[in-house]
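*Asks:* What follows is a predicted structure for the sequence shown.
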Amino acid sequence: MQSLLHLNAQQVRQGIKNGYFSAQEYISQILERIQKVDDKINAFITVDNDGALRQASLIDKKVRSGEKIGTLAGVAVSIKDNICTQGLKTTCASKLLKEYVPPYDATVVNRLKNSDAIIVGKANLDEFAMGSTTEFSRYGPTCNPWNINYVVGGSSGGSAASVAALECTVSLGSDTGGSIRCPASFCSVVGFKPTYGRISRFGLISYANSLEQIGPIGKTVLDV
């Protein structure tokens, strides 16, 4: 089977839409990749294997039946663990919230789901996003995929590392004073802090309300 891990978001959607490969094939490779490398990188706090495969199956059914699919159909996404996900733990990398399961999705997560994106898990961060290296997490530091002896930047280090390590295709992070841009730079991926207020912050467990903004991290400028 061909490796699908290096594809960007546009290529993933087109490949699934045109039947070159299935969403389940792609997501299975992503989950296998996480299992293979994440014990060294520690980009994820929680991985939702069952949920990701279930969503992939639903997308494949849509394709087979000729239904319209979303703009991110099948694309594997990691979510920084300070952004609420219904039914999936949101810990902020803290012992305080180690068992917290939100009863609702953040607006950004709901929009991803409506676009048929597949959430594969929650990404590591400095505890409550207070840091710039992702070394200060209750769940241990995230290591740079290019050299595990180097830091990954922060606080959205798990988000950037998960993209760089081919454990997902795109990710959502949050940025107060560089928390998306710094780890994206450290990991040689593309990060973007949108204008404050351009993207809903509902469901973000925030660090600084007047500054913090949710934004994307991807392999390419086009994906972002």
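*Replies:* Yep, that arrived. None of these values were measured; they are calculated from a predicted model. Numbering: from 1, shown residues only.

*Asks:* Would you mind listing where this structure has pLDDT under the threshold?
*Replies:* 1 (pLDDT under 70).

*Asks:* what bridges to the residue most central in space within it?
*Replies:* For the chain, residue 78 is the residue whose C-alpha lies nearest the centre (CA atoms, centre = their mean; 1.6 Å). Beta-bridge partners for residue 78, by DSSP bridges, are residue 121, residue 171.

*Asks:* residues touching it, list them.
*Replies:* Counting by CB atoms under 8 Å, 6 or more residues apart in numbering, residue 78 makes contact with 43-44, 119-123, 158-159, 162-163, 167-168, 171-172. In this view, the C-beta of every residue, glycine as well, is placed from N, C-alpha and C.

*Asks:* can you rerun that using 10 Å?
*Replies:* 30, 34, 43-47, 119-124, 158-163, 167-173, 217 (CB atoms under 10 Å, 6 or more residues apart in numbering).

*Asks:* show me where the protein has strands.
*Replies:* With DSSP state E as the criterion, the chain has strands at 44-47, 76-80, 118-123, 143-144, 147-151, 170-175, 190-191, 213-218.

*Asks:* Which stretch among these is buried most, on average?
*Replies:* strand 76-80 (a mean of 31; mean count of other CB atoms under 10 Å).

*Asks:* and the angle for it with strand 170-175?
*Replies:* Relative orientation of strand 76-80 versus strand 170-175 (axes from the mean of the first three to the mean of the last three CA atoms, to 10 degrees): 20 degrees.

*Asks:* ok now strand 76-80, how far from the chain's centre?
*Replies:* Chain-centre distance of strand 76-80: 2 Å, with CA atoms, centre = their mean, to the nearest Å.

*Asks:* With only the CA atoms kept, save that strand in CSV.
*Replies:* Extracted in CSV, the C-alpha atoms of strand 76-80 (Å, rounded to 0.1, in the frame of the first residue of the first chain):
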residue,chain,number,x,y,z
ALA,A,76,-6.7,14.1,10.0
VAL,A,77,-6.6,16.9,12.5
SER,A,78,-5.1,17.2,15.9
ILE,A,79,-6.6,19.7,18.4
LYS,A,80,-4.6,21.5,21.1
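
*Asks:* Only the buried residues of the lengthiest helix in the chain, if you could.
*Replies:* Longest helix in the chain by number of residues, with DSSP state H as the criterion: helix 23-41. Within helix 23-41, the residues scored as buried using 16 or more other CB atoms under 10 Å are 23-31, 33-34, 37-38, 41.
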